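[1] Sequence and predicted structure below; questions after.
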Amino acid sequence: MEPIIDHIDITVNDLVSAGKFYDNLLPLLGFELKDKRESYEAEDDYRQIEYVHKNLIFSVVQAAERAKNIPADYQSPGSLHHLAFRAESNKSVDDFYSELNGTGAKEIIPPKFYKQYSPDYYAVFFRDPFGIRYEFVHYDIKNR
């Protein structure tokens, strides 16, 4: 068996503005907007936008009304600390960073080496408008 992630669901408090943000961000990661799907299940009041790629489905889900005002907190138990996407090269990280500034991302930390993880670990970190932390990284997995 190989550890392959099929899909990731991220919960946000405003699906409309999330769609605008992720419509800008996910094409930078290889997703095509023509493969985007929106759905609503009335029975569960479940709304989502799915961005479909052959390697991963990235889904954005509307928060339940009772939870809309709870901020994302990566340090709380049960929370996503951050989500990292692998880059093909350091240049890919730099190119991603230059495009990232136009997406609406927050708290962008410019690309740099993080030698505490690996001698060649090169990454950019940022948050989406809802506080979810992301990373775009390149390194030789053998160095880890």
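    Done, it's in.
[2] tell me the strands in this protein, going along the chain?
    If DSSP state E is used as the criterion, the strands of the chain fall at 7-12, 36-41, 46-53, 56-62, 83-86, 106-113, 122-127, 133-138.
[3] buried sites along the fifth one?
    In other words, strand 83-86. Across strand 83-86, burial judged by 16 or more other C-beta atoms under 10 Å covers residue 85. Every C-beta, even on glycine, is put in place using the N, C-alpha and C of the backbone.
[4] Equivalent analysis for the second one, please.
    Of the residues in strand 36-41, those buried by neighbour count under the rule 16+ other C-beta under 10 Å are residue 36.
[5] What pairs with it, parallel or antiparallel?
    Strand pairing for strand 36-41, using DSSP bridges, gives strand 46-53 (antiparallel).
[6] What are the structural domain limits within this protein?
    As assigned by automatic domain parsing, the chain contains the domains 1-68, 71-144.
[7] Redo these as TSV? Include mean pLDDT.
    TSV is the format used below for the domains of the chain (pLDDT from 0 to 100):
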stretch	mean pLDDT
domain 1-68	92
domain 71-144	91
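[8] Okay then, goodbye and thanks.
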